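Engineer: structure for this input, please:
(one chain, ligands or ions: 3)
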Amino acid sequence: MGIIEKIKEIEAEMARTQKNKATEYHLGQLKAKIAKLRTQLLEPPKGSSGGGEGFEVTKFGHGRVALIGFPSVGKSTLLTMLTGTHSEAASYEFTTLTCIPGIIHYNDTKIQLLDLPGIIEGASEGKGRGRQVIAVAKSSDIVLMVLDASKSEGHRQILTRELEAVGLRLNKRPPQIYFKKKKTGGISFNSTMPLTHVDEKLCYQILHEYKIHNAEILFREDATVDDLIDVIEGNRKYMKCVYVYNKIDVIGIDDVDRLARQPNSVVISCNLKLNLDRLLERMWEEMGLVRVYTKPQGQQPDFTEPVVLSLDRGGCTVEDFCNHIHRSLVKDVKYVLVWGTSARHYPQHCGLGHALQDEDVVQIVKKKEINEGGRGRFKSHSTAPARISDREKKAPLKT
Ligand SMILES: Nc1nc2c(ncn2[C@@H]2O[C@H](COP(=O)(O)OP(=O)(O)OP(=O)(O)O)[C@@H](O)[C@H]2O)c(=O)[nH]1
Ligand SMILES: [K+]
Ligand SMILES: [Mg+2]
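Structural biologist: Ligands and ions are numbered 1, 2, ... in the order given. So this is what the prediction gives:
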């Protein structure tokens, strides 16, 4: 029996089993079995080099966004509109058969947008090109789930389930469970609050299913069995997702209003070019990019080309900023001067650990410069860049 059949069989058994106190241990065990099988399904087949016939596209720019959706919802039309790169669009399904990259120029940054083939229910088990498409989604920083506003609202749930089946968790944060495998000592089970979904026995049973007999486990929230399994599997990817309802030109205003009020959703029409600005704005917010402008000593900051940092990709500290400029820079840095929302006063003298925020301006003061120039030279640093004082009026300093 293949892995997919095994999963189907367990799913059928779960559907047959009544949900009550007496069956909860059994159901938990079945969930763990399915999770293990799904992980097996994701492993490349033995003897292959790791899934060569995927849609590998070289990463480019400061972030990557994937367009995921059923066929003919308008993904390619959207790529063409937002990037200027042409991707064939047509009224028949599966027009797009591979991954087409485009570039969005937004807020002085470049963001790679990927158009992908449509996926269908069962994609996670290999239907259509589902597995390759989902692999690309996983390699992205955020997902835009494109939905046809005129079609069933169930599509959003179906797609979410497909992505969850391969370990993607959309708009969720990792469960607050500390878990560490040990060599000896048995299982130590603790929680910082009363648990209503999981008890010690169920936890042991799940760990037993994974053949884990020595571990430390601490629940810091009232987590579920599914959360526990996610933590044990350890291979989950937590991603932001914006739900994009396209084709609002063909539905009534009441429906548009209702969809627009769904969490994390933006309603658009590619045909009428409606609300595409708002979509870009939402995408930008979710990516959490941090633009830092460099200010050479005694000159105005360079506002043309920011250093772009991100918490998810390497961090946003002064040290991360320096490493972006040059690997060997950090050792020469005495301190930096910072203007912007991360600074308490202008300019603030900061060390390598200081966390920078979007649109900060940074001037690096090197150790050598201090020795050569003496203290008098610092005076010229303190002219705050004009652009920051403008912005300060709009965005008051964080304390
Ligand atoms: N009414 C309306 N039709 C649209 C809109 N955007 C796209 N379409 C149409 O929807 C159809 C499918 O568009 P595509 O861009 O090919 O959709 P896709 O999601 O890339 O489709 P696949 O590549 O086949 O998965 C085309 O006929 C488009 O002209 C829109 O905003 N409103
Ligand atoms: K199409
Ligand atoms: Mg397409």
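
Engineer: for ligand 3, what are the nearby residues on the stretch 51-200 of the chain?
Structural biologist: Listed as neighbours of ligand 3 in the stretch 51-200 of the chain under the rule C-beta under 5 Å from the ion: 75-76, 95-96. Backbone N, C-alpha and C define where each C-beta goes, glycine included.

Engineer: and those, which is closest to ligand 2?
Structural biologist: For those, the minimum distance to ligand 2 (C-beta to the ion) is 3.6 Å, reached by residue 95.

Engineer: what's the end-to-end length of stretch 203-215?
Structural biologist: Distance across stretch 203-215, first residue to last, is 11 Å (C-alpha to C-alpha, to the nearest Å).

Engineer: which parts of the helix or strand harbouring residue 281 are buried?
Structural biologist: Element membership of residue 281, judged by DSSP states H and E, is helix 276-287. Buried residues in helix 276-287, counted by 16 or more other C-beta atoms under 10 Å: 276, 279-280, 282-284, 286-287.

Engineer: can you pick out the most distant pair from the residues of the stretch 51-200 of the chain next to ligand 3?
Structural biologist: Based on C-beta to C-beta, the longest span within these runs between 75 and 95 and measures 9.4 Å.

Engineer: between these two, who's got more neighbours?
Structural biologist: Comparing residue 75 with residue 95 by other C-beta atoms under 10 Å, the one with more neighbours is residue 75, at 30 against 17.

Engineer: mind listing what's buried in the longest strand along the chain?
Structural biologist: Ranked by number of residues, the top strand in the chain under DSSP state E is strand 237-246. For strand 237-246, a neighbour-count test (16+ other C-beta under 10 Å) marks 239-246 as buried.

Engineer: quick one: that strand to helix 276-287, angle?
Structural biologist: Put simply, strand 237-246 runs at 170 degrees to helix 276-287, going by axes from the mean of the first three to the mean of the last three C-alpha atoms, to 10 degrees.

Engineer: heads up, I number from 190, so please use that
Structural biologist: Noted, 190 is the first residue going forward, which turns the last one into strand 426-435.

Engineer: rewinding a little: nearest to ligand 3, of the buried residues of strand 426-435?
Structural biologist: Using C-beta to the ion, the buried residues of strand 426-435 come closest to ligand 3 at residue 435, 11.8 Å.

Engineer: where along the stretch 190-339 of the chain do the helices fall?
Structural biologist: According to DSSP state H, counting those that start in this stretch, the stretch 190-339 of the chain carries its helices in the segments 192-205, 213-231, 264-272, 319-327.

Engineer: so which elements touch the third one?
Structural biologist: Here helix 264-272 touches strand 252-258, strand 289-295, strand 298-304, strand 426-435, helix 465-476, going by 3 or more C-beta pairs under 8 Å, 6 or more residues apart in numbering; DSSP states H and E.

Engineer: what are the bridge partners for the residue nearest the centre of the chain, then?
Structural biologist: Centroid-nearest residue in the chain, with C-alpha atoms, centre = their mean: residue 428, separated by 3.1 Å. Taking DSSP bridges as the rule, residue 428 bridges to residue 359.

Engineer: is it in contact with residue 333, as I believe?
Structural biologist: No: look at residue 428 against residue 333 with C-beta atoms under 8 Å: they stay out of range, at 11.0 Å.

Engineer: got the domain ranges for the protein?
Structural biologist: Domain assignment for the chain by automatic domain parsing gives 192-233+364-422, 252-361+426-476, 478-583.

Engineer: picking that back up, of the helices of the stretch 190-339 of the chain, which stretch is the most buried?
Structural biologist: The highest mean neighbour count among the helices of the stretch 190-339 of the chain, using mean count of other C-beta atoms under 10 Å, belongs to helix 264-272: a mean of 23.

Engineer: now check it, is it near ligand 1?
Structural biologist: Yes: counting by C-beta under 6 Å from any ligand atom, ligand 1 is contacted by helix 264-272 at 264-266.

Engineer: remind me which residues of the chain are low pLDDT?
Structural biologist: 233-242, 558-588 (pLDDT under 70).

Engineer: for the helices of the stretch 190-339 of the chain, give me JSON lines that also has distance to residue 528.
Structural biologist: Below are the helices of the stretch 190-339 of the chain laid out as JSON lines (distance: least, C-beta to C-beta, whole Å):
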{"stretch": "helix 192-205", "distance to residue 528": "55"}
{"stretch": "helix 213-231", "distance to residue 528": "46"}
{"stretch": "helix 264-272", "distance to residue 528": "32"}
{"stretch": "helix 319-327", "distance to residue 528": "38"}
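
Engineer: could I get the ones you listed as TSV with distance to ligand 2?
Structural biologist: Below are those laid out as TSV (distance: least, C-beta to the ion, whole Å):
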stretch	distance to ligand 2
helix 192-205	27
helix 213-231	28
helix 264-272	7
helix 319-327	14
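
Engineer: I figured residue 303 was touching residue 255, is that so?
Structural biologist: Yes: using C-beta under 8 Å, residue 303 is in contact with residue 255, at 4.8 Å.

Engineer: overlap in contacts of those two?
Structural biologist: Contact criterion C-beta atoms under 8 Å, 6 or more residues apart in numbering; residues shared by residue 303 and residue 255: 325, 329.

Engineer: so where do the helices sit in the stretch 440-588 of the chain?
Structural biologist: 442-449, 465-476, 507-514, 556-562, 575-583.
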